[in-house]
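> Here's my sequence, what's the structure:
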Amino acid sequence: MLSTVGEECTDRYNALLNGATGSMLEGGIRVPAMLRWPAGLGSGRQTSSMVHFTDWTPTLFALAGGEPAEARVRFDGQVLEPLLWREPSWESPTPSWQRNRFTPVVTGNEAVRDANLKLVRPETWETIVVRPSDLEIDRGLKCAPETILDTSRDPEPAQELPATPEPLHFDLAADPLERVNLAARRPRFDS
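Residues are numbered from 1 along each chain as shown. This is a model prediction of the structure:
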């Protein structure tokens with residue numbers, strides 16, 4: 001499920017996972033991680049525990065002997081130390097994702113996962129509200145940032161959004177490639 005819109009191309013290798021860069025499907029959000037720390041970690045360990053990139057800052061801070069994060073600054077992530085030292089009884093919080101660009105569209109491009117069940121409210125390129133002034137500023141920031149002195153603009157009238165695609169529901173234990181949408185068979189996420 002790759003998409004090309006104008007100059008936006010999402011063709012990337014993603015190990016046959018569904019979705020691509022920018023989507024809430026596994027091909028857009030699942031990223032493997034490898035750690036190498038010969039003096040601290042043994043070799044050959046694997047885990048399928050889910051972590052978030054915001055977990056690395058408080059973890060590295062704690063491993064370096066920093067005082068507890070709450071005493072200095074509140075980090076968004078959590079410390080992964082228990083996960084690094086042993087097979088964890090560690091549980092990650094319920095992960096959720098949402099990505100918007102330009103004007104936020106809160107009814108799409110979001111996902112939530114509960115154990116192996118995943119609910120996705122997909123985005124289509126048509127649901128991104130891109131105003132001409134947004135594109136002008138975006139192109140200027142990419143191509144000639146020195147010419148953009150102010151990113152503010154007058155509010156523009158609201159645009160009617162296209163219908164949001166129906167939610168998708170996957171069981172990642174049985175279907176890690178997200179090929180079978182269970183939404184019709186299991187209309188409730190918690191059932």
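> burial measure for Arg45, as a count.
11 (other CB atoms under 10 Å). Quick note: C-beta positions are derived from backbone N, CA and C, even for glycine.
> lowest average confidence, helix or strand, in this structure?
strand 4-5 (a mean of 44; mean pLDDT, DSSP states H and E).
> Thr94 contacts Val112, doesn't it?
Yes: shown here, Thr94 and Val112 form a contact pair, counting by CB atoms under 8 Å, at 6.7 Å.
> and Thr59, that's in a helix?
Yes: the assignment for Thr59 by DSSP: H, G, I helix; E, B strand; the rest coil puts it in a helix.
> my guess is it meets Phe75, correct?
No: between Thr59 and Phe75 there is no contact under CB under 8 Å: 9.2 Å.
> rewinding a little: name the residue in Thr94 and Val112 with the higher neighbour count.
Higher neighbour count among Thr94 and Val112: Val112, with 16 against 9, using other CB under 10 Å.
> What sits closest to that one if chain neighbours are left out?
Once flanking residues are discounted, Val112 sits nearest to Ser96: 4.3 Å by CB to CB, 6 or more residues apart in numbering.
> separation between that neighbour and Cys143?
Relative to Cys143, Ser96 is positioned 34 Å away (CB to CB, to the nearest Å).
> So the two - more neighbours on which side?
Using other CB under 10 Å as the criterion, Ser96 and Cys143 rank with Ser96 on top: 12 against 9.
> where along this protein do the strands fall?
Here the chain has its strands, by DSSP state E, at 4-5, 8-9, 96-98, 110-114, 117-121, 168-171.
> Now do the buried residues in the longest helix belonging to the chain.
Longest among the helix segments of the chain by residue count, using DSSP state H, is helix 132-143. Neighbour-count burial for helix 132-143, with 16 or more other CB atoms under 10 Å as criterion, is recorded at Asp134, Ile137.
> Can you spell out which helices and strands pack onto it?
Packing contacts for helix 132-143, counted by 3 or more CB pairs under 8 Å, 6 or more residues apart in numbering; DSSP states H and E, involve no helix or strand.
> Alpha carbons of that helix, in PDB - could you do that?
Taking Å, rounded to 0.1, in the frame of the first residue of the first chain, the C-alpha atoms of helix 132-143 are listed here in PDB:
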ATOM      1  CA  PRO A 132      -2.500  27.500  -0.500                       C
ATOM      2  CA  SER A 133      -0.900  29.600   2.200                       C
ATOM      3  CA  ASP A 134       0.200  26.400   4.000                       C
ATOM      4  CA  LEU A 135       1.900  25.100   0.900                       C
ATOM      5  CA  GLU A 136       3.600  28.500   0.200                       C
ATOM      6  CA  ILE A 137       5.100  28.600   3.700                       C
ATOM      7  CA  ASP A 138       6.000  24.900   3.500                       C
ATOM      8  CA  ARG A 139       7.800  25.200   0.200                       C
ATOM      9  CA  GLY A 140       9.600  28.300   1.400                       C
ATOM     10  CA  LEU A 141      10.800  26.600   4.600                       C
ATOM     11  CA  LYS A 142      12.100  23.600   2.600                       C
ATOM     12  CA  CYS A 143      13.700  25.400  -0.400                       C
END
